[in-house]
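[1] Prediction below, plus the sequence it came from.
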Amino acid sequence: MVSESVFDAAKDYIRDLFEGDGSGHDYFHSVRVHDVAVTIQATEGGDLDVIRLVALLHDADDRKLFDSADYDNARRFMGDNGIPDDVQERVVHVISQISFKGKDSVVPDTLEGKIVQDADRLDAIGAIGIGRAFAYGGSRSRPMHVPGQGFLEDMDAETYYSHENTTINHFYEKLLLLKDMMNTPTARDMAEGRHRFMESFLEEFYAEWDGQR
Ligand code: ADP
Ligand code: NI
């Protein structure tokens, strides 16, 4: 049983780590993933301590932000906070499986991984996901939309990480695909409303872009 003070310390740790990041990998993203994962766990089950540690630490070694060799930041936090070695290994294993890498994404082989991956993906869609996508595009100085610029399909991980797209393209390359990639029935239900919200956002966006509304 991990004590509540460790989760508080994990929040402080990631708040310091993500200080000043404008790419959507912020402290509040990790806290939202944590909160949604706890909600999903209430119906789907799974080890709550592992789920909460993974959710809070899942972006602590993100390759786009940090140059860490082997989940160094997550390991350092857990080592400093008395998390037993076997739990640390489980947490690192789960973290390694949850990130989105185009068609190189993996289906986690643990229930805990399935739940946090769902929570991470839910935070990429809906109103929050729209906000994060435009924040990310802005942080990379990308245009939000270029009429006629096609999007890529079936990208492998390297292409997904390296290609320069518009933020609207990102909806077709990732955000609209996520609803059908949820692992758990609970998350699939939660994704429905968020998905519909993105579809109506896009419809409104194009209508306004074309001067129709
Ligand atoms: P994950 O947390 O699964 O690793 P990413 O790191 O790929 O996801 O993305 C973090 C956030 O930035 C997400 O909300 C994602 O949709 C957004 N994002 C990533 N790539 C782009 C892009 N090319 N254009 C707009 N938003 C992006
Ligand atoms: Ni994330």
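    Happy to help now that I have it. Just so it is clear, the structure is predicted and the values come from calculations on it, not from any experiment. Numbers count the residues shown, from 1 in each chain. Ligands and ions are numbered 1, 2, ... in the order given.

[2] This structure against ligand 2: which residues are in contact?
    Taking C-beta under 5 Å from the ion as the contact definition, the chain meets ligand 2 at 59, 120. (Each C-beta comes from the backbone N, C-alpha and C, glycine too.)

[3] Show me the shaky parts of the chain.
    20-25, 100-103 (pLDDT under 70).

[4] Would you mind listing what in it touches ligand 1?
    24-25, 99-100, 120, 124, 129, 132-133, 136-137, 165, 167, 170, 174 (C-beta under 6 Å from any ligand atom).

[5] Okay, and the spatially most central residue of the chain sits in which element?
    Geometric centre of the chain, nearest residue: D120, 3.4 Å, by C-alpha atoms, centre = their mean. Here D120, judged by DSSP states H and E, is contained in helix 111-122.

[6] Just confirm the residue nearest to the centre of the chain contacts V33, I think it does.
    Yes: using C-beta atoms under 8 Å, D120 makes contact with V33 at a distance of 5.2 Å.

[7] hey, what's in contact with both of the two?
    55, 58 (C-beta atoms under 8 Å, 6 or more residues apart in numbering).

[8] follow-up on the earlier one: next one: the helix holding D120 to chain centre, how far?
    9 Å (C-alpha atoms, centre = their mean, to the nearest Å).

[9] Good, wrapping up.
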